[in-house]
Structures are given as C-alpha cells and as structure tokens.
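[1] Sharing a model prediction with you, sequence too.
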Amino acid sequence: MAGKPLPIYRLPMQPRQRVGQVLVKKDRNGKLYIEGTRVEEMTPTGEYQILSMPNGKKYYVLQSDLDQL
C-alpha cells in the first residue's frame with residue numbers, strides 16, 4: 001500500500017490555513033488509512049473532504065489532493 005503525505009487545513013475557508021500534513025494510504029479496495037487506522041467517514045464540503053477517524057479526529061484535506069492518490 002503506497003502512501004502520500006497530504007496537507008491538512010484548519011477549516012474549509014479562504015484563505016487556506018495549512019496546519020500540517022498526514023500520511024494517507026489507499027488500499028487496493030479504495031479504502032483510506034491515516035496512521036494505520038481506517039478512515040471511518042468521508043464528508044464532502046465544497047473543495048474539501050472531511051476525513052473522520054474512529055477516535056473522533058477530523059482532517060480537512062483538499063479533494064484535488066485526495067484525487068491524486
């Protein structure tokens with residue numbers, strides 16, 4: 001499973017405020033993983049996707065970055 005570091009943002013608003021990055025991996029079935037944990041839910045919000053984790057964390061990533069996986 002290959003991974004790609006994607007930038008994460010504070011909130012889906014302009015101007016973009018990048019707050020870091022996470023390593024996102026996609027398996028052969030199209031499931032996403034962050035830090036070895038499967039992404040529980042993906043919620044589209046305009047040009048962003050909110051990736052929700054089982055531990056309650058949420059990551060805002062650009063849809064265009066996610067499409068490159």
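    Received the coordinates, thanks. Numbers count the residues shown, from 1 in each chain.
[2] for the host helix or strand of V22, which positions count as buried?
    Element membership for V22, per DSSP states H and E: strand 18-26. For strand 18-26, a neighbour-count test (16 or more other C-beta atoms under 10 Å) marks V22, V24, K25, K26 as buried. C-betas here are computed from N, CA, C, even on glycine.
[3] what number of residues lie near the residue found closest to the first one once you drop the neighbours it is linked to in the chain?
    Ranked by C-beta to C-beta, 6 or more residues apart in numbering and with sequence neighbours excluded, the top spatial neighbour of V22 is I34, at 5.2 Å. The local packing of I34 (other C-beta atoms under 10 Å) involves 19 other residues.
[4] Over to the one 10 residues further on?
    Burial of P44, expressed as a neighbour count using other C-beta under 10 Å, amounts to 9.
[5] Assign the residue of the chain most remote from its centre to helix, strand or coil.
    No residue in the chain has its C-alpha farther from the mean C-alpha position than P15, which lies at 18.5 Å (C-alpha atoms, centre = their mean). Following DSSP: H, G, I helix; E, B strand; the rest coil, we place P15 in the coil state.
[6] Of the buried residues of strand 18-26, which is the nearest to I8?
    For those, the residue nearest I8 by C-beta to C-beta is V22; the value is 5.6 Å.
[7] Tell me what that closest one is bridged to.
    L6 (DSSP bridges).
[8] Now do the same contact list for Q17.
    With contacts defined as C-beta atoms under 8 Å, 6 or more residues apart in numbering, Q17 is in contact with Y9, R10, L11.
[9] quick one on the thing from earlier: name the helices or strands packed onto the strand holding V22?
    Applying 3 or more C-beta pairs under 8 Å, 6 or more residues apart in numbering; DSSP states H and E, we find strand 18-26 packed against strand 3-9, strand 32-34, strand 58-62.
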